[in-house]
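Q: fold the following for me, if possible:
(chains A and B)
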Amino acid sequence: MLEACRLDLGRSEFETYLSELCWCENDIIFMCNNLEKWAKDEKAPDIPLMNMALSPRIRKEPLGCVLVIGAYNFPIQLTLGPLIGAISAGCTAVVKPSENAPHAAAIMQKIIADALDPSAYAVVQGAIPETSKLLECKWDKIFYTGNATVGTIIAKKAAETLTPVTLELGGRNPAIVSASADPRLAARRLLWAKLLNAGQVCVSQNYILVDRSILPALVSEMRTALKEFHPNGAQSSPDYGRIVNSRQFERLKKMLDSTTGKILIGGTTDAANNFIEPTVIEVESITDPLITDESFGPLIPILAVADLDEAIRVANSIHETPLGLYPFGTRAEVKKVLDQTRSGGASINDGFFHASIPTLAFGGVGDSGQGAYRGKASFDTFTHRRSVTSTPSWIEGLLSVRYPPYAGKLAKFRKQTDLKPNFDRDGRVRIAWTWLALGLGSNSGVGALGRWVALLALALGLRQWTTR
Amino acid sequence: MNDLPPFSHTPADEISSVHDRVVSSFLKHKTRTIEYRLKQLRSLYWGIKDEEPALTEALKLDLGKSAYEAYLSEIGWCLNDILFVCTNLEKWMKDESAPDIPLTNLLMRPRIRKDPLGAVLIIGAYNFPYQLTLGPLIGAIAAGCTAVIKPSENAPHAARIMQHIVEQSLDSEAYRVVQGAIPETTALLEQKWDKIFYTGNATVGKIIAKKAAETLTPVTLELGGRNPAIVSKNADTKLAARRVLWTKLFNAGQVCVSQNYVMVDREVLPAFLHELGVALKEFQPKGAKDNEDYSHIINERQWSRLKTMLDSTNGKVIYGGHADKETLLFEPTVVQVESADDALIKEESFGPLIPILPVSNLEEAIRTANEVHATPLGLYTFGTNAENAKVLAETRSGGATMNDAMFHASMPTLAFGGVGDSGQGAYRGKSSFDSFTHRRSVTQTPGWMEGMLAVRYPPYTAEKLKKLKQMQDLKPDFDRQGKVKRSLLWLLLSMGGKGTTSVGVRWAVLVSLVAIGSRLVASR
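A: Next up, the predicted model:
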């Protein structure tokens, strides 16, 4: 697998180990450790006392047989990751690795054929015709990782048979660096996000909005950081990957050539081995293609903004619902950004850290994706939560209120079930003084108990102290 | 009801501006605070409460629904839902601490924010117009979304009163009603929403799903199914008959989740049929006609559909069969059918038809259920615990009730939804809030951590790789044959417990016993 990723993506052993091998191995162990707990029926929450006799519970049932379509940038993680979830949930599956990472596809096929039950887990290889054929079959779920264009095709096809989908797409993800941010940390962390896998990471920031006042410092720190990360330059660094194929290389080259911005760092490309240097560009406007298109490569456009409000406005106008969002600033600034934007996930004061925690649920929102996975969410995404109740026979007497004739039953029913509002007609909460006293101001039973215990302990302690 | 404006479609050219208004309201972020949401919800509560007579009257006009059913399944239902949501909203809105995070990553404070999805479209249905239109709206308000609701035109009086209540109680910048039928719904679907919540049938559900897919808009679809009830030879036939019949009298069987047909083991078929007759006499002593407790079919179109279904059965009518187009009455009708190909089984009746299919054993029932519809909305199994467990294990459905009909769908706070083509997503109780919420994973990387993070930056020395492996690698507790290895030391230390809690409890008990024991010994 190490070799396959080196051949397909020019990726270093370190990165492949970290983001693919160790990632999947740990995922499996984590699943195995927790599977018994997750597969159990869950007691339904929030059930009123009188309904508890009906044992309402949530069963965890496999959705059925599922289709997993992988991507090329982290071929192992993005193909086997969902498969691990499907297996845990009890589904059978067909896996279609990305043809753009053919060596990885081949090794995964071998592993699956050797390790898994062939009657339940199979691999189909191919490109558009094969994928179309697969989509003509009926699945109980389709899990797709890739771009929004194909994602839309898959969603429309799935809709024809009301097949549920999880879509892990991408976005014009913004990083926002305020005037109060630490330019050195912002530079190192945002660069990291664009060096890993030569920036071919769906969730990495597509562009950076930085307060005018610290733009020079940010760029200078990036220069410093690059010297540290690639002491002999990117092209001769064994740690720096390559663009997956010439088609993507050409696309990136074209993007770079069409910018009206100024290249501040990098800019070198080499078609012979799909090399694109990490390239920092200061762009002029929000209509620059480096901002409006998703690069999915090591292009780092920076746009100066006057203040945080402008940054938020720009981010929302470029893409309302990106996959990731990266605010750098004070606590108050970060809160403002998060409150006034939407995104699949967010990392504060870092590049895509939230996407590098293996057990943290990961997914998009709006057109950056639907559903989530990783950790328990991988199990959940292939599981149907089936609400079940059981009515005992002895309760038939109590149930009589539900059967017609209804005469005289409404009052009785209302007495049993009507909740009372704790607010008046102006929407103001009426304070029930007795409850407040009994609960010592706490909202919940447990909280009230805790406060009583604390009070008692305090009283005892005082008594001890005074009777010394 | 008389002082309300008549039911009329929203002019087509107004629809996009209604949409734009609720979208821009959302983008002003005013729905974000809990104060705003609670204010809206509480106002809606009083709005509904104050209009109880009109709400009841509207249901009588649209469906001939009794005041009892109107309160139980619609008015009281919504009122209680609002109170439940208000009580819990603060707790639900809080960031959740992300579960299962390894120690090294806890420093990044991984948490799940609950963000509103945005501006949403809710399309209601006619059979329980308030619950199915306002229910999702309550969830949308709670989650901080703005919304447009499109009540079903097939229940026009209910649509009118709901419009009145929404206009009187809610912020008109954020919550609007659009009335209409296909053209207006189509115009609504041309707009971009952050979520579409639809309750209805699979045909329209598909149209909506396909349209939503064009813009990658998420949907919740609450559809229906050819839901089976299975009565085994060990079932209590009296209880099964009463409970199955209840579902089909309720709202004259116009309930998406009620059983579409009943499979009964041949051995108990006569007893079951007999008990159906007994129950029918008890529930409708004077019959179905002119019965205040019994609803009528919503309109002529649906009535005719049911009549056609009944006329095309190859089965034998055992009870009922009478229907009246003038009054839209349709008697609860029990039909013993011969095969699963019968029209009454193959189609979803959504009415008071009770086809009974005799089966030889449980296996046949399960096989038939799966063939008729692999993923229905509900499933009802009457039998021993073992039999019920078998049925559940070998079928799929949105939800299921054991030894009863549609009970799981009558618990207001229990999550309710379909699977496969009976629906996507769920709501009710907390899941109403969840249905309109985006769970946004967030982490925070402190500045002081930079030193510790050094391992992630290039150059990727051999030393870094080694360090990384040490930090990251989990060890499998199983060998190459997949057998779990238990080291003796671990067994001793964990005292047979699995998981931190159970091990902790065992240690706590042991320590307490030792402490108490040594006290006793010392005090002698």
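Q: going forward, measure contacts between C-alpha atoms and count neighbours the same way
A: OK.
Q: which stretches of the stretch 101-250 of chain B form strands?
A: In chain order, the stretch 101-250 of chain B shows strands spanning B:111-116, B:119-123, B:146-150, B:175-177, B:195-199, B:219-222, B:228-231, with DSSP state E, counting those that start in this stretch as the criterion.
Q: what angle do the second one and strand B:195-199 make?
A: Between the axes of strand B:119-123 and strand B:195-199, defined by axes from the mean of the first three to the mean of the last three C-alpha atoms, to 10 degrees, the angle is 10 degrees.
Q: got it, and the first one?
A: Angular relation of strand B:111-116 and strand B:195-199 on a 0 to 180 degree scale: 70 degrees, by the same axes, to 10 degrees.
Q: if you count contacts, what does strand B:111-116 end up packed against?
A: With contacts defined as 3 or more C-alpha pairs under 8 Å, 6 or more residues apart in numbering or on different chains; DSSP states H and E, strand B:111-116 has these neighbours: strand B:96-97, strand B:437-444.
Q: before we move on, what about the second one?
A: For strand B:119-123, the contact count by 3+ C-alpha pairs under 8 Å, 6+ apart identifies helix B:12-27, helix B:129-143, strand B:146-150, strand B:195-199 as packing neighbours.
Q: the last one packs against which elements?
A: Right, the one you point to is strand B:195-199. Secondary-structure packing of strand B:195-199 (3+ C-alpha pairs under 8 Å, 6+ apart): strand B:119-123, helix B:202-214, strand B:219-222.
Q: and those as JSON lines, adding mean pLDDT?
A: Supplementary listing: the helices and strands packed on strand B:195-199 in JSON lines, determined by pLDDT from 0 to 100:
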{"stretch": "strand B:119-123", "mean pLDDT": "98"}
{"stretch": "helix B:202-214", "mean pLDDT": "98"}
{"stretch": "strand B:219-222", "mean pLDDT": "98"}
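Q: mean neighbour count added to these, as a markdown table?
A: A markdown table is the format used below for the helices and strands packed on strand B:195-199 (neighbours: other C-alpha atoms under 10 Å in any protein chain shown):
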| stretch | mean neighbour count |
| --- | --- |
| strand B:119-123 | 27 |
| helix B:202-214 | 20 |
| strand B:219-222 | 27 |
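Q: got those as TSV, with distance to residue B:514 columns?
A: Putting those into TSV (distance: least, C-alpha to C-alpha, whole Å) gives the following:
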stretch	distance to residue B:514
strand B:119-123	60
helix B:202-214	63
strand B:219-222	56
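Q: quick one: closest of those to residue A:420.
A: Within the helices and strands packed on strand B:195-199, the stretch nearest residue A:420 is strand B:119-123; the backing value is 27.5 Å (C-alpha to C-alpha).
Q: can you list the low-confidence ranges for the chain?
A: Here I'm looking at chain A. When the per-residue scores of chain A are filtered using pLDDT under 70, the ranges that remain are A:435, A:441-447, A:468.
Q: hm, I was asking about chain B
A: Low-confidence segments of chain B (pLDDT under 70): B:496-502.
Q: what ranges does the stretch 401-524 of chain B have for its strands?
A: Secondary structure of the stretch 401-524 of chain B (DSSP E, counting those that start in this stretch): strands located at B:423-424, B:437-444.
Q: can you redo these as CSV with distance to residue A:366?
A: Converted to CSV, the strands of the stretch 401-524 of chain B look like this (distance: least, C-alpha to C-alpha, whole Å):
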stretch, distance to residue A:366
strand B:423-424, 16
strand B:437-444, 9
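Q: TSV for those, including distance to chain A?
A: Formatted as TSV, the entries for the strands of the stretch 401-524 of chain B read as follows, by distance: least, C-alpha to the nearest C-alpha, whole Å:
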stretch	distance to chain A
strand B:423-424	7
strand B:437-444	4
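Q: nearest to residue A:409, out of the ones you listed?
A: Between residue A:409 and the strands of the stretch 401-524 of chain B, the shortest separation by C-alpha to C-alpha is 33.8 Å, and it involves strand B:423-424.
Q: okay, the strands of the stretch 401-524 of chain B in a markdown table with distance to residue B:523 and mean neighbour count next?
A: What follows is the strands of the stretch 401-524 of chain B, written out as a markdown table (distance: least, C-alpha to C-alpha, whole Å; neighbours: other C-alpha atoms under 10 Å in any protein chain shown):
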| stretch | distance to residue B:523 | mean neighbour count |
| --- | --- | --- |
| strand B:423-424 | 66 | 26 |
| strand B:437-444 | 54 | 26 |
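Q: looking at those, which is closest to residue B:509?
A: Across those (criterion: C-alpha to C-alpha), the nearest stretch is strand B:437-444, sitting at 37.3 Å.
Q: okay, and residue A:82 sits in which element?
A: Here residue A:82, judged by DSSP states H and E, is contained in helix A:75-89.
Q: can you redo the helices and strands packed on strand B:119-123 as TSV with mean neighbour count?
A: As requested, the helices and strands packed on strand B:119-123 are exported to TSV (neighbours: other C-alpha under 10 Å):
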stretch	mean neighbour count
helix B:12-27	18
helix B:129-143	26
strand B:146-150	27
strand B:195-199	24
